[in-house]
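Q: A structural model of the following input is requested.
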Amino acid sequence: MMTELPTTKEELERKMLDLLALTAERLQSGALDRRGAYMTAKAAWTLTAGLVDQSISYLAQQLADENPAPGWKRYFVSQDPTKAPLVLIVLPGRAYALQKVNAATGERATLKRRELEPGELEEQVAKLAESLKAGGYLEL
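A: Next up, the predicted model:
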């Protein structure tokens, strides 16, 4: 029985997600500084832009952002190609939304949105981020 080989695009996407996940892991563990993560993501984006789905290029672009706005958006990616990339958008002191990025179109769909009382937001966002990490996602 022969197995079907992945297409070049599928293989590039798999390798790109692996690289982004590894870069995020190393950044979180302190094995890589912000500048090193920026250089890695920028090089990966430069090499694969237009060759992989827009959502994957978008994740690389976000990791390559040298000055992300802390607390506004948090990006999560899974090494499992069946799990869509996620964006957690935080409106400080008011609300958050969790969105799924469609790998085929780059469009976002809101999975969850909550408005909270002041003081509750930070705790709820932290719990949600931890549950995503426990579920196999890595934060970029």
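Q: does the residue lying closest to residue 87 once chain neighbours are set aside belong to a helix, a strand or coil?
A: The shortest distance from residue 87 to any non-neighbouring residue, by CB to CB, 6 or more residues apart in numbering, is to residue 99 (4.7 Å). All C-beta spots, glycine's among them, are computed from the backbone N, C-alpha and C. Secondary structure, DSSP: H, G, I helix; E, B strand; the rest coil: residue 99 is strand.
Q: spit out the contact partners of residue 99.
A: 86-89, 108-111 (CB atoms under 8 Å, 6 or more residues apart in numbering).
Q: just the closest of those to residue 39, please.
A: Closest approach between the contacts of residue 99 and residue 39, by CB to CB: residue 87, at 23.1 Å.
Q: that closest one is in contact with residue 101, isn't it?
A: Yes. Between residue 87 and residue 101 there is a contact at 6.4 Å, judged by CB atoms under 8 Å.
Q: anything in contact with each of those two?
A: residue 108.
Q: the residue nearest to residue 87 bridge partners, please.
A: residue 87, residue 110 (DSSP bridges).
Q: mind checking how far it is from residue 38?
A: 24 Å (CB to CB, to the nearest Å).
Q: least confident secondary structure element in this structure?
A: In the chain, the helix or strand scored least confidently by mean pLDDT, DSSP states H and E is helix 54-63, which has a mean of 77.
Q: off-centre distance for stretch 112-121?
A: From the chain centre to the centre of stretch 112-121 is a distance of 22 Å (CA atoms, centre = their mean, to the nearest Å).
Q: just the C-alpha atoms of it, please, in PDB.
A: C-alpha atoms of stretch 112-121 as PDB (Å, rounded to 0.1, in the frame of the first residue of the first chain):
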ATOM      1  CA  LYS A 112     -15.800  33.200  22.200                       C
ATOM      2  CA  ARG A 113     -16.400  36.800  23.400                       C
ATOM      3  CA  ARG A 114     -16.900  37.900  27.000                       C
ATOM      4  CA  GLU A 115     -17.400  41.300  28.600                       C
ATOM      5  CA  LEU A 116     -16.300  41.300  32.300                       C
ATOM      6  CA  GLU A 117     -16.200  43.600  35.300                       C
ATOM      7  CA  PRO A 118     -13.000  45.500  35.900                       C
ATOM      8  CA  GLY A 119     -10.600  43.200  37.800                       C
ATOM      9  CA  GLU A 120     -12.000  40.000  36.400                       C
ATOM     10  CA  LEU A 121     -10.600  40.400  32.900                       C
END
